[in-house]
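Asker: give me a model of this one.
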Amino acid sequence: MFKKLFGKKEEAPKGIAIKAPLTGELVSLEEVPDPVFSQKMMGDGVAIEPTEGKVVSPVNGEVMQVFPTKHAVGLKAENGAEVLIHIGLETVGMKGEGFEAHVGEGDKVSVGDTLVTFDMELVKQKAKATVTPIIITNGDELASVETETGKPVTAGQDSIMTVTAK
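Answerer: All right, here's what the predicted structure looks like:
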C-alpha cells in the first residue's frame with residue numbers, strides 16, 4: 001500500500017506461471033516431430049496440440065516480435081522471460097496464408113489477450129503439423145523453467161510452465 005502511495009515502482013515478480021496460449025492437449029517438447037524443438041535447440045518449453053485456431057497471450061508483458069508470416073510471436077514476460085509461440089511446424093512456408101495477427105511489436109499484453117488467429121484446417125493441409133511449441137528462449141538467463149505435460153489445457157487459464165528469474 002505504501003509503495004503505491006509514495007510512487008515507488010513495484011518490483012516485477014521473480015516467479016511467474018505461464019498460461020496455455022492455446023486450447024488443446026499439452027505434450028512434452030520431446031514429442032514434437034522436429035529436432036529443432038524436440039532437442040531443445042531453441043530452449044526449454046512444452047507444446048500444445050491445438051483444438052482451435054486462436055492463440056492468446058500466456059503472460060503479462062510486451063510483444064517483442066510478430067514474424068512477417070504471422071506463424072510465430074515472441075513475448076517478454078514481466079519477469080524478463082522470453083516466450084516464443086511457434087504455431088505449427090513448417091508453417092513459415094505458408095507465407096502468412098491463413099494467419100491473422102491481432103497485435104504488433106511493442107504492444108503491451110495481458111494473459112488471455114488474442115495474439116493470432118489461424119485457419120486450423122489450412123494448417124493441417126499445408127504444414128507438417130499443427131502442434132505448437134511454446135519455448136523459453138532465454139532460459140540461460142533464468143533461475144529455473146519447470147514444465148507440465150500430459151493434460152488438456154484451456155487458453156489463458158491453465159498453467160503450463162513456471163519460470164523463475166535469477
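
Asker: quick one: the strands in the protein, in order.
Answerer: 15-19, 24-28, 44-50, 54-56, 61-66, 72-77, 82-86, 99-101, 108-109, 114-118, 132-136, 142-147, 151-153, 159-165 (DSSP state E).

Asker: if you compare those strands, which one is most tucked away?
Answerer: Mean neighbours per residue, mean count of other C-beta atoms under 10 Å, is largest over these for strand 132-136, with a mean of 25. Yep, even glycine has a C-beta here, placed from its N, CA and C like the rest.

Asker: one step back: pipe the strands of the chain into JSON lines and attach mean pLDDT per row.
Answerer: Formatted as JSON lines, those follow (pLDDT from 0 to 100):
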{"stretch": "strand 15-19", "mean pLDDT": "96"}
{"stretch": "strand 24-28", "mean pLDDT": "97"}
{"stretch": "strand 44-50", "mean pLDDT": "98"}
{"stretch": "strand 54-56", "mean pLDDT": "98"}
{"stretch": "strand 61-66", "mean pLDDT": "98"}
{"stretch": "strand 72-77", "mean pLDDT": "98"}
{"stretch": "strand 82-86", "mean pLDDT": "98"}
{"stretch": "strand 99-101", "mean pLDDT": "98"}
{"stretch": "strand 108-109", "mean pLDDT": "98"}
{"stretch": "strand 114-118", "mean pLDDT": "98"}
{"stretch": "strand 132-136", "mean pLDDT": "98"}
{"stretch": "strand 142-147", "mean pLDDT": "94"}
{"stretch": "strand 151-153", "mean pLDDT": "97"}
{"stretch": "strand 159-165", "mean pLDDT": "96"}
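
Asker: got those as JSON lines, with distance to residue 125 columns?
Answerer: Putting those into JSON lines (distance: least, C-beta to C-beta, whole Å) gives the following:
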{"stretch": "strand 15-19", "distance to residue 125": "29"}
{"stretch": "strand 24-28", "distance to residue 125": "18"}
{"stretch": "strand 44-50", "distance to residue 125": "15"}
{"stretch": "strand 54-56", "distance to residue 125": "19"}
{"stretch": "strand 61-66", "distance to residue 125": "23"}
{"stretch": "strand 72-77", "distance to residue 125": "19"}
{"stretch": "strand 82-86", "distance to residue 125": "18"}
{"stretch": "strand 99-101", "distance to residue 125": "14"}
{"stretch": "strand 108-109", "distance to residue 125": "30"}
{"stretch": "strand 114-118", "distance to residue 125": "12"}
{"stretch": "strand 132-136", "distance to residue 125": "17"}
{"stretch": "strand 142-147", "distance to residue 125": "30"}
{"stretch": "strand 151-153", "distance to residue 125": "25"}
{"stretch": "strand 159-165", "distance to residue 125": "27"}
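
Asker: thanks again, I'm all set now.
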